[in-house]
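Enquirer: give me coordinates for this.
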Amino acid sequence: MTIHSIVELLKYKWKAKGRHGIHSPFVYNLVDIGLKGTGSTEQKIKKYLKDYQIQLIDSSPGNWSAQFESSLPQATGNVMIWIQNIHQTKQHTQAWTEIYMSGPVSLSLDLYDFGLLFFNKDIKEKQHFVLKK
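Expert: Numbers count the residues shown, from 1 in each chain. Predicted structure coming up:
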């Protein structure tokens, strides 16, 4: 682990909320129902969000914006983009922050090891949560 990732982990642990600190019904249910049970976090999320188109961005952070923007025209209906290693280096964290703050993202979830971006027309107000896994 780098010094940056250790500092980010400490910030994550300070900010991360469980289901009781969440006011969004969608996110509450994702934490309460979707993240329970057996299997990896990835398997549980994919099973819970079976009605979502799920796209993975797993390249260097310098390419995240390009991959993110290229997936937007293809996005129809409910879409979730999964980005790996969002706090690995300072560059990763900066790229993650720029992407989740961008215009079309309805909801962003920081789970330290990865981030989830949602495009959902039913979510009216842009929201960002740091969640305990």
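Enquirer: look up the residues forming beta bridges with the most centrally placed residue in the chain.
Expert: The chain has L116 as the residue nearest its centroid, 1.8 Å off, counting by Cα atoms, centre = their mean. Beta-bridge pairing for L116 (DSSP bridges): W82, L109.
Enquirer: which residues of the chain score low on pLDDT?
Expert: 73-76 (pLDDT under 70).
Enquirer: at 80 instead, please
Expert: 1, 18-21, 58-59, 70-77, 103, 121, 133 (pLDDT under 80).
Enquirer: in it, which spans are strands?
Expert: 53-57, 79-84, 107-110, 114-119, 127-130 (DSSP state E).
Enquirer: give me the neighbour count for E8.
Expert: Here the count is done by other Cβ atoms under 10 Å, and E8 has 21 residues near it. Bear in mind the C-beta positions are built from the backbone N, C-alpha and C, glycine included.
Enquirer: OK, contacts around it?
Expert: 87, 93, 112 (Cβ atoms under 8 Å, 6 or more residues apart in numbering).
Enquirer: that older thread, reformat the strands of the chain as a markdown table; add distance to F68.
Expert: Converted to a markdown table, the strands of the chain look like this (distance: least, Cβ to Cβ, whole Å):
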| stretch | distance to F68 |
| --- | --- |
| strand 53-57 | 7 |
| strand 79-84 | 7 |
| strand 107-110 | 12 |
| strand 114-119 | 8 |
| strand 127-130 | 16 |
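Enquirer: quick one: closest of those strands to W14.
Expert: With distances scored as Cβ to Cβ, the stretch of those nearest to W14 is strand 127-130 (9.0 Å).
Enquirer: and the contacts of E8, which are buried?
Expert: 87, 93, 112 (16 or more other Cβ atoms under 10 Å).
Enquirer: could you report the distance from L109 to M1?
Expert: 22 Å (Cβ to Cβ, to the nearest Å).
Enquirer: more neighbours, those two?
Expert: It is L109, of L109 and M1, that has more neighbours when counted by other Cβ under 10 Å, with 22 against 8.
Enquirer: what residues are up against L72?
Expert: 104, 119.
Enquirer: let's see that with 7 Å instead.
Expert: Taking Cβ atoms under 7 Å, 6 or more residues apart in numbering, we find L72 in contact with P104.
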